[in-house]
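Asks: build me a model:
(chains A, B, C and D)
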Protein chains: 2
Amino acid sequence: MSIQKIAQLAGVSVATVSRVLNNQGTVKEKNRERVLAAIKASNYQPNLLARQLRTARSGMLLVMVSNIANPFCADVVKGIEAEAEQNGYRILLCNSGSDITRSQSSLQLLSGKMVDGIITMDALTTLPELSGMIGDAPWVQCAEYDEHSAVSTVGIHDREASIFAIQQLLARGCQRIAMINHDLNYKYAQLREQGYREALNAAGNGWQRIAYARDLSAEAGSEALNQLLDGDALPDAVFAVSDSLAAGALRALSSKGLRVPEAVAVIGFDGTELGEITSPQLSTIAQPSRAIGQQAVKLLLQKIADPGSAAEKIILDWHYIARASC
Amino acid sequence: MSIQKIAQLAGVSVATVSRVLNNQGTVKEKNRERVLAAIKASNYQPNLLARQLRTARSGMLLVMVSNIANPFCADVVKGIEAEAEQNGYRILLCNSGSDITRSQSSLQLLSGKMVDGIITMDALTTLPELSGMIGDAPWVQCAEYDEHSAVSTVGIHDREASIFAIQQLLARGCQRIAMINHDLNYKYAQLREQGYREALNAAGNGWQRIAYARDLSAEAGSEALNQLLDGDALPDAVFAVSDSLAAGALRALSSKGLRVPEAVAVIGFDGTELGEITSPQLSTIAQPSRAIGQQAVKLLLQKIADPGSAAEKIILDWHYIARASC
DNA sequence: CTGAAAGCGCTTACAG
DNA sequence: CTGAAAGCGCTTACAG
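Replies: As a prediction, the model looks like this:
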């Protein structure tokens, strides 16, 4: 079913059909009705491929997430969706799974003109490989801040937040503060680790242990915690770079009979709903997830409207949520 | 940058460029090299819109999820992704948020020929409104089983699973078993409620209370539980239709000082990782999430390959995971 | 092994 | 207010 058939059915030209379809130009009322009737009668749906090929505009934004199962990502996506919708854009989600091949495959949607722009949440270090395909298409990098790249970004001050968390633990009297980090390919992982070391060094505390979780699942958090427990001295505090990791750590601590926060204090990161269902509830650094997504869309739309505009960096505020685990 | 330019640069026709692009037909080695060189030199990327318009094939599957933040959905999506990838298909995720307008908007991707088929996880009752747009495009409905519709589905036997859960509670000696259900627009919600009532009726137990959560968040689970606590007699067991709801219920119980399972036993549904991070850990009905996604793709691909084939229904096995909450 | 040409289904100046 | 025609960037018989 094409616009041709509709034109034929309605006894007008394709141009006229196109005009009523797009509500533009002027069409005599009687013709409009005829066209509308023909459309309804044949259950016609316009071919988006043809339309977008012609107009070079899709009204769609691609969002590339490393892991939708992560509640923080899901929250950011919600912010993205809301803002996009408000501006008449639809969003397409691709789960890259941090896999470079899969990312590249998804990027074809961009280079292939199926979407007008892209928001990535991938690891910073994978970006160079991607940027070739992205070229100078509208792009903003989300929740992964990089000061040197020429791409627009929105995120928080990760180092600061991390320092704050450690200071919190220090103020509590903790002596052996361990960290559960994630893949150092992520800039946030690097920055938070840097903050961890800085804060401890500044306090003259040389006891530093870091375990790296293989992904952001609770399971991986448990594993990481068990690694930490393997050493000579037990940590009396754990700072995890994600609530899901922290949740897994809490679980592992509990199964070892270590009370939280008495024996081991725990601080998480993200401020997701996960922190409310663990026991004890999780103290955590909350990111402004929705706002991050929202800002990302704003930057992207700006770039789409004016492709020549310069890259912009937005830093949003985090805050600490004190609950029972610290 | 178009195939035209490449042809010009390489000094061949567009047909030849197309042939090397698609690795088909035969091209003299020297010409192939020239084309490849031109492509590299100009960082050419094929326009997918044009290609798909011409071939009427996209290699993409649309997955419409009501809520990606739900871990069960995320697991199903993982199964979908894996199976799709194995068959050379890319997947596009759309978060409908159970919103009919948003669903319709996403469906334009299908009717607009941008994707070859669709997997929905929406509520059954919204489907009639959608089926008009879907027409007879390849479609499978996932995790929401309907015996009467003509669309392929894959799911579990919800009523049975629900009955089993209630019997478990009954066997434990629970007398006042409440249910936390979700929107009855979902068939699974209807079926599980039916199972709940049937099992209690069969046991001659007339004490039946149901609270409906406004969504599938832990927060909504807590709210629902508090409603349940409002009545005259306290329940001594709660069956929740989702792990996230159950997690919220556990949290609310704990804040009321009600011990689980001693004062109130709890059983969840889905078998997601959430059940492992709550305290106590959650006993739950586990769905074969990955397999559900995988089967859905198989059915869909089958339908794409042979559009005339009949709708198929697949019922997968669930199993009970006994943990500490019951 | 290669190229000219038709055509996928739209939109949009342009002329009337 | 309307239609004929060009063109978006591809692929694919078809002829050579």
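Asks: when you work out contacts or count neighbours from here on, use the C-alpha atoms and nothing else.
Replies: Noted.
Asks: of all of chain A, which residue lies closest to DNA strand D?
Replies: The nearest approach of chain A to DNA strand D comes at A:Val27, 3.1 Å away (Cα to the nearest atom of the strand).
Asks: tell me how far that residue lies from A:Ala37.
Replies: Relative to A:Ala37, A:Val27 is positioned 14 Å away (Cα to Cα, to the nearest Å).
Asks: domain parsing of chain A, as residue ranges.
Replies: Following automatic domain parsing, one gets these domains for chain A: A:3-46, A:57-156+A:291-317, A:158-286.
Asks: for B:Asp136, which of those domains is the nearest?
Replies: domain A:3-46 (11.8 Å; Cα to Cα).
Asks: re the thing from before, mind putting the domains of chain A in TSV, mean neighbour count, mean pLDDT and distance to B:Ala74 included?
Replies: As requested, the domains of chain A are exported to TSV (neighbours: other Cα atoms under 10 Å in any protein chain shown; pLDDT from 0 to 100; distance: least, Cα to Cα, whole Å):
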stretch	mean neighbour count	mean pLDDT	distance to B:Ala74
domain A:3-46	16	93	31
domain A:57-156+A:291-317	20	91	5
domain A:158-286	21	96	13
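Asks: which parts of the stretch 51-200 of chain A sit against DNA strand C?
Replies: A:51, A:53-55 (Cα under 7 Å from any atom of the strand).
Asks: on that earlier part again, okay if I get the domains of chain A as TSV plus distance to B:Leu124?
Replies: Output for these, formatted as TSV (distance: least, Cα to Cα, whole Å):
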stretch	distance to B:Leu124
domain A:3-46	22
domain A:57-156+A:291-317	23
domain A:158-286	28
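Asks: how about residues contacting the helix or strand hosting A:Tyr196?
Replies: Per DSSP states H and E: A:Tyr196 is located in helix A:187-202. With contacts defined as Cα atoms under 8 Å, 6 or more residues apart in numbering or on different chains, helix A:187-202 is touched by A:123-125, A:144-146, A:158-163, A:166-167, A:179, A:181-184, A:206, A:208, A:241.
Asks: recalculate using a threshold of 6 Å.
Replies: With Cα atoms under 6 Å, 6 or more residues apart in numbering or on different chains as the test, helix A:187-202 has contacts from A:124, A:158-159, A:162-163, A:182, A:184.
Asks: do a quick rundown of the strands in chain A.
Replies: With DSSP state E, the ranges of strands along chain A come out as A:60-65, A:90-95, A:117-120, A:139-142, A:152-156, A:177-181, A:209-212, A:237-240, A:265-270, A:283-286, A:313-316, A:319-321.
Asks: what's the closest of those strands to chain B?
Replies: Of all the strands of chain A, strand A:90-95 sits nearest to chain B, with 4.8 Å by Cα to the nearest Cα.
Asks: what packs against the closest one?
Replies: strand A:60-65, strand B:90-95 (3 or more Cα pairs under 6 Å, 6 or more residues apart in numbering or on different chains; DSSP states H and E).
Asks: and A:Ile118, which of those is closest to it?
Replies: That would be strand A:60-65 among the helices and strands packed on strand A:90-95, by Cα to Cα, at 4.6 Å.
Asks: ok, now which ones touch A:Pro235?
Replies: Taking Cα under 6 Å, 6+ apart as the contact definition, A:Pro235 lies against A:176-177.
Asks: for chain B, what is the nearest residue in the stretch 51-200 of chain A?
Replies: Closest point on the stretch 51-200 of chain A to chain B, by Cα to the nearest Cα, is A:Gly112, at 4.3 Å.
Asks: up against chain B, what does chain A have?
Replies: A:46-49, A:53, A:69, A:74, A:92-93, A:112, A:251, A:277-279 (Cα under 6 Å from any Cα of the partner chain).
Asks: at 8 Å what do you get?
Replies: Residues of chain A lying near chain B by Cα under 8 Å from any Cα of the partner chain: A:45-50, A:52-53, A:68-71, A:74-75, A:90-94, A:105-106, A:108-109, A:111-114, A:218, A:247-248, A:250-251, A:273, A:276-279.
Asks: tell me, which of these make contact with DNA strand D?
Replies: A:50, A:53.
Asks: can you pull out the helices in the stretch 201-326 of chain A?
Replies: In the stretch 201-326 of chain A, the helices defined using DSSP state H, counting those that start in this stretch lie at A:218-229, A:243-255, A:274-277, A:289-305.
Asks: fine by me, we can end here.
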